[in-house]
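Participant: Need the 3D shape of this:
(one chain, ligands or ions: 1)
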Amino acid sequence: MPTILITGANKGLGLGFAKRYAADGWRVLAACRRPDAATDLNALAQTHDVQVHALDVTDHATIDALADTLKAKPVDLLLNNAAVQGGHPQKFRHTDYAAWDLAFRTNVMGVMKMCEAFAPHVERGAKKLIVNVSSRTSSIANKTTADPDNTKGELHQYRSTKTALNMVSRCMAWELQPRGIAVVLLGPGWVRTDLGGPNARLSVDEAIAACVPTINSFTLADTGQFRGHDGTVVPW
Ligand SMILES: NC(=O)c1ccc[n+]([C@@H]2O[C@H](COP(=O)([O-])OP(=O)(O)OC[C@H]3O[C@@H](n4cnc5c(N)ncnc54)[C@H](OP(=O)(O)O)[C@@H]3O)[C@@H](O)[C@H]2O)c1
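Facilitator: Numbering: from 1, shown residues only. Here you go, the predicted structure:
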């Protein structure tokens, strides 16, 4: 039975991934900040092979402690899903620097730290795959005035964290390739979650139905790439 470790597994896409991989017969290591408040996740753990772990991706000591707790367990797929949007409204002269700082610590450094701490577990897994959830809004090439995703201000803070995540992941991809570990970026689509908002195009179920086959198709040959939920290459 393959094992997946998911961050931010208590709601939104993270919960959707946890439900889908659990239903598909995977062992799910579901990490979230507040297991005591993760009602849906705890309910899932009653019926499936789901273990709920407390984890704040900005707390490096806790990441190291969880990596130590799980040191005997191989992880086939590390899914770095947790993120924050980084403040509101994200327009010029309305920058919330404290929220932006937290977004970098969550969306970029949190992912890097997770990869550093869990690379040995992934190396022991059969699939040897790390998927970092990015966003198509991170694409500099796509950032034009006709950008259809540009509906809520310019999103400087959020976009820039994901653009940084793209570069960090691409660097990591080359560093981990000799160990047989693939690192792939995924844009999950615009999805109706707390982060995506109510006007997004896809439901969580629709996004998960597209993302999971795409993720499952990734191999070492895909390392360093940035793919959309439908598997298409996203331009940098
Ligand atoms: N929804 C979209 O349209 C969309 C589009 C492109 C990319 N994405 C990406 O998809 C991923 C999932 O987003 P979502 O839409 O499902 O958002 P969401 O519903 O807001 O969920 C975000 C998750 O991240 C967790 N999280 C935030 N900060 C954390 C921290 N410091 N430590 C651990 N967990 C933390 C949240 O936990 P709490 O409940 O404790 O806050 C929550 O579980 C993110 O990487 C996001 O950038 C989403």
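Participant: Which secondary structure state does the nearest residue in space to Gln225 that is not next to it in sequence sit in?
Facilitator: With CB to CB, 6 or more residues apart in numbering as the criterion, Gln225 has its nearest non-adjacent residue at 5.7 Å, and that residue is Val184. Heads up, the C-betas are built off the backbone N, CA and C, glycines and all. Of the three states, Val184 takes strand under DSSP: H, G, I helix; E, B strand; the rest coil.
Participant: now Arg227: how far from Asp36?
Facilitator: Going from Arg227 to Asp36 by CB to CB, to the nearest Å gives 35 Å.
Participant: When the two are compared, which one has more neighbours?
Facilitator: Arg227 (21 against 9; other CB atoms under 10 Å).
Participant: Backbone torsions only: list them for the more buried one.
Facilitator: Main-chain torsions, Arg227, degrees, to the nearest 10: phi -120, psi 150.
Participant: pLDDT score assigned to the residue lying farthest from the centre of the chain?
Facilitator: Most distant residue from the mean C-alpha position of the chain: Arg93, 29.4 Å away (CA atoms, centre = their mean). The score at Arg93 is 88. That number is its pLDDT.
Participant: Stretch 65-83 near the ligand anywhere?
Facilitator: Yes. With CB under 6 Å from any ligand atom as the criterion, the ligand is reached by stretch 65-83 at Asn81, Ala82, Ala83.
Participant: List the contacts of the second one.
Facilitator: Pointing back at Ala82 there. Residues near Ala82 by CB atoms under 8 Å, 6 or more residues apart in numbering: Thr7, Gly8, Gly14, Ala31, Val57, Thr106, Gly110.
Participant: Now go through those and say which are in strands.
Facilitator: Ala31 (DSSP state E).
Participant: shouldn't Glu154 be in contact with Lys91?
Facilitator: Yes. Assessed by CB atoms under 8 Å, Glu154 is found in contact with Lys91 at 6.0 Å.
Participant: Looking at the two, which one has more neighbours?
Facilitator: Higher neighbour count among Glu154 and Lys91: Glu154, with 16 against 12, using other CB under 10 Å.
Participant: Mind telling me what element that one is part of?
Facilitator: Using DSSP states H and E, Glu154 sits in no helix or strand.
Participant: which of the contacts of Ala82 are buried?
Facilitator: Buried members of these, scored by 16 or more other CB atoms under 10 Å, are Thr7, Gly8, Gly14, Ala31, Val57, Thr106, Gly110.
Participant: what does the protein put close to the ligand?
Facilitator: So far as CB under 6 Å from any ligand atom goes, the chain lies against the ligand at 7-8, 10-14, 32-34, 55-58, 81-84, 106, 133, 135, 187-188, 190-191, 193-196, 200.
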